[in-house]
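J.: what would the 3D arrangement of this be:
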Amino acid sequence: MNTEHKKLFHYTLLGILLVSVFGSLLHFAYGASGENFLVGLISPVNESTWEHMKLLFFPMLLYLLLALPRLKSAWPCAVSALPSGILAGIFLIPVLFYTYSGVLGFHNLILDIAVFLVSVVIGFLIFYRRTLNCRSKKYTLFLNLLLMVIVVLFFLFTYFPPSIGLFVSP
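T.: Next up, the predicted model:
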């Protein structure tokens, strides 16, 4: 593994660690802030699955935006890999949660945490792989637009959630 591969690998591992820690802390930010409106835009305001997708989305987005300037000269495909990893991670959260809770008939805190951690790891692995193989490059504009739409949806649905199961506390 050359120096640039090692750098990308280390950024990926560091990202997994930091997003896992800060995402976990973000779970408590809204309550700790006295239910501050602005804090609620980026942290869960209730126990719904939708709100818990923020635990991965915003820390991973921030981390990768901070890491991107250091990576993109050696790895130009990191720009398109960033939204690929984030989108995969956030979409895995409801898929894994509803799969395991549907099979078991209940949800469990340990399994909920595992769903979050697995989603973080897979999101970063997809980022890493897509950075190396550039498969997302031709979709860069679409993926980044989708990421922006999701930011708007997180903000909007935090305080005006649709009446469907994804937005209801289990």
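
J.: phi first, then psi, for Asn2.
T.: Main-chain torsions, Asn2, degrees, to the nearest 10: phi -80, psi 180.

J.: for Thr49, give me its contacts.
T.: Residues in contact with Thr49, defined by Cβ atoms under 8 Å, 6 or more residues apart in numbering, are Ile93, Pro94, Phe97, Tyr98, Leu166, Phe167, Pro170. No exception for glycine: its C-beta is placed from N, CA and C like everyone else's.

J.: next, count neighbours for Phe37.
T.: In terms of burial, Phe37 registers 11 neighbours under the definition other Cβ atoms under 10 Å.

J.: who touches stretch 14-26?
T.: Stretch 14-26 is touched from outside by 42-44, 54-56, 58-60, 63-64, 67, 113, 116-117, 120-121, 124, 127, with contacts defined as Cβ under 8 Å, 6+ apart.

J.: and stretch 140-151, by the same measure?
T.: Counting by Cβ under 8 Å, 6+ apart, Phe57, Leu61, Val79, Ser80, Leu82, Pro83, Ser84, Ile86, Leu87, Ile90, Ser136 sit against stretch 140-151.

J.: and what of stretch 72-85?
T.: 4, 7-8, 60-61, 64-65, 68, 71, 123-134, 136-137, 139-140, 143-144, 146-147.

J.: any chance of a PyMOL selection covering the buried ones in those?
T.: Isolation of the buried members of the contacts of stretch 72-85 (16 or more other Cβ atoms under 10 Å) is achieved in PyMOL through the command below:
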select buried, resi 8+60+61+64+71+123+124+126+127+128+130+131+136+140+143+147
